[in-house]
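In: Just the structure for this:
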Amino acid sequence: MTNLAVIIVLGAPNEDDGTLSPIAAERGNLAAHLYQQLKSSKHCKVLCTGGMGEHFNRSSLPHWQWQQDHLRTLGVDQSDFLAGISSRFTFEDATLARDEIDVDTVQTLHIVTSGFHLARVAFIFDALFDDVQRVYHGAKVPVTVDEYAHLLAHERAVMKREHANVRKYQQS
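Out: Purely as a prediction, here's the structure:
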C-alpha cells in the first residue's frame, strides 16, 4: 500500500458549448479544494468521469475533458490526472473506474459528487471497491428547494436498478 490518494470526480451535465452546469462546477470546485489539501501530504491523482449523452452532454468533447479544463484553472497539475472515463451513468462510473485504478497501490479513494447523489454513490462504490478505503464528499447543490426535492426523488427511484446492477456485477 502506498500513500496514494485518488480523487474521483463524478460527471454531471454541461452545456452544448462545454460550459459546466452549476452542479458540475461545484463538484470540480470541491475536488480542487480537496486536491490542494491532499497533495501536501500524499501523492494525489485525479480521475474525472463523464462521457457523451443526450441528457447530459451534447458538446464536442466528453464531459471529463471539460471538468479537467476546469480543474486545471483551479490549480490541479496536468500530470496528476488519470485518463478520463467516458461513462454514461453512475454505475458505469464505478465499473470503469475499477478497471482504471490499481487498488493495490491506492491508500484512499475520495469520491466527489453532489449531496443529493451521495447515498447512491456510496452504495455502488462500497460494493465495487470494498478492498480500498473510501471517503465520500458531497458538493454544494446550487438549485432551488423544489429542484433539490426532484433530484432526491430521482435518486430514490433508481435505487432498485442499482441494487440489481450490484448483484449482477458481484455474480460475474
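
In: Please count neighbours and contacts with C-alpha atoms only from this point.
Out: Will do.

In: Can you give me every residue that contacts residue 80?
Out: 44-46 (CA atoms under 8 Å, 6 or more residues apart in numbering).

In: residues contacting residue 106?
Out: Per CA under 8 Å, 6+ apart, neighbours of residue 106: 1-6, 132.

In: To clarify, my last question referred to residue 88.
Out: Neighbour list for residue 88: 50-53 [criterion: CA under 8 Å, 6+ apart].

In: about what we covered before: now the buried members of the contacts of residue 106.
Out: 4-6, 132 (16 or more other CA atoms under 10 Å).

In: Reformat the residues you listed as TSV; add secondary structure and distance to residue 158.
Out: Formatted as TSV, the buried ones among the contacts of residue 106 follow (DSSP: H, G, I helix; E, B strand; the rest coil; distance: CA to CA, whole Å):
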residue	secondary structure	distance to residue 158
4	strand	32
5	strand	29
6	strand	27
132	coil	25
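
In: For the residues you listed, give me CSV that also has pLDDT.
Out: What follows is the buried ones among the contacts of residue 106, written out as CSV (pLDDT from 0 to 100):
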residue, pLDDT
4, 93
5, 96
6, 97
132, 96
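
In: and residue 13, how many residues sit next to it?
Out: 23 (other CA atoms under 10 Å).

In: what about the closest residue to it other than its chain neighbours, neighbour count?
Out: Spatial nearest neighbour of residue 13, chain neighbours left out: residue 56 (4.2 Å); criterion: CA to CA, 6 or more residues apart in numbering. Residues lying near residue 56 (other CA under 10 Å) number 19.

In: Hmm, residue 56 is touching residue 18, no?
Out: No: checked against CA atoms under 8 Å, the pair residue 56 and residue 18 is beyond contact range at 10.5 Å.

In: Tell me which helix or strand residue 168 sits in.
Out: Using DSSP states H and E, residue 168 maps to helix 145-171.

In: In that helix, which of the residues would be classed as buried?
Out: Neighbour counts over helix 145-171 (16+ other CA under 10 Å) mark 155, 162, 166 as buried.

In: In terms of secondary structure, what does that helix contact?
Out: Counting contacts by 3 or more CA pairs under 8 Å, 6 or more residues apart in numbering; DSSP states H and E, helix 145-171 is packed against helix 118-128.

In: Now the element after the helix it packs on, going C-ward?
Out: Next along the chain after helix 118-128, taking DSSP H and E as the criterion, comes strand 133-139.

In: pLDDT weak spots in the chain?
Out: For the chain, the stretches with pLDDT under 70 are 1.
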